[in-house]
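*Asks:* Sequence first, predicted model second:
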Amino acid sequence: MALVHHSSKTLGIVYWPLLLTTLFAGLVFLGLIWWSFHPSGVTPVVGPAGSVNRAYIEDRSFRDMSFVLCVSDWPHTLFRPISVESVIYSEGSNSRVFWSADGSVLVVRTPTSYVATYDYLTHELLRYGQGSMHDLIQSRGGLGPEQPRYPDGKGAY
């Protein structure tokens, strides 16, 4: 069996297209990840922790005025932000978005009950009927500030 000798010039011609294709695919993948965590046309939800804990209200309307509270907790939400709860403010929903006093828990509540919480420290989503949301919020300093702006389909109010 004869050994085939390739010159470095031949290897360069073979490997450069493969290298460039792999690099391009990697950049496209990173761009898609960035886009999924930084969508346009959303209302940011900024709490006491500042931009450390990212959340936003996204307009997912088709025929109705449907808005969804989402959290970006990277790397725990690696490919897509978590949808916490639908909120329909333009149709008179009495659900409001709050933070815990320390900014580590995002809360959706009505005047009488908690609907959903997302805990940025344990990376856990709790919905109505799952665990004690009230105890969790109290352990983080109680209920903090309400989200001051909500989208209405034409911007924010």
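*Replies:* Here it is on my side, so go on. Please read all numbers here as calculations on a predicted model, not as lab measurements.
*Asks:* in stretch 132-143, what's buried?
*Replies:* By 16 or more other Cβ atoms under 10 Å, the buried positions in stretch 132-143 come out as M133, L136, I137, R140, L143. Glycine gets a C-beta too; all of them are placed from N, C-alpha and C.
*Asks:* what's the answer for stretch 99-116, then?
*Replies:* 99-109, 114-116.
*Asks:* Columns distance to Y15 and pLDDT on top of those residues, output as CSV?
*Replies:* Output for those, formatted as CSV (distance: Cβ to Cβ, whole Å; pLDDT from 0 to 100):
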residue, distance to Y15, pLDDT
W99, 51, 89
S100, 53, 91
A101, 56, 91
D102, 52, 90
G103, 49, 89
S104, 48, 90
V105, 50, 91
L106, 48, 90
V107, 53, 89
V108, 52, 88
R109, 58, 86
Y114, 57, 87
V115, 55, 87
A116, 51, 90
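*Asks:* Now for the residues you listed: which two are most distant?
*Replies:* By the measure Cβ to Cβ, D102 and V115 form the most distant pair in those, at 20.4 Å.
*Asks:* wait, which of the buried residues of stretch 99-116 is closest to V28?
*Replies:* Closest to V28, out of all of the buried residues of stretch 99-116 and judged by Cβ to Cβ, is L106, at 30.9 Å.
*Asks:* and that closest one, what is it in contact with?
*Replies:* Applying Cβ atoms under 8 Å, 6 or more residues apart in numbering, we find L106 in contact with 45, 47, 53, 55, 69, 71, 84, 97-99, 117-118, 120.
*Asks:* Validate this expectation: it resides in a strand.
*Replies:* Yes. Counting by DSSP: H, G, I helix; E, B strand; the rest coil, L106 is found in a strand.
*Asks:* Now for F98: which residues touch it?
*Replies:* Contacts of F98 by Cβ under 8 Å, 6+ apart are L106, V107, V108, R109, L143, G144, P145, E146, Q147.
*Asks:* Out of these, which comes closest to R80?
*Replies:* L106 (16.8 Å).
*Asks:* Give me the distance between that closest one and E124.
*Replies:* From L106 across to E124, the span is 11 Å (Cβ to Cβ, to the nearest Å).
*Asks:* following the helix or strand of the chain with the lowest mean pLDDT, which helix or strand shows up next?
*Replies:* Ranked by mean pLDDT, DSSP states H and E, the weakest helix or strand in the chain is helix 8-37, scoring a mean of 73. Under the assignment DSSP states H and E, the closest C-terminal helix or strand after helix 8-37 is strand 42-44.
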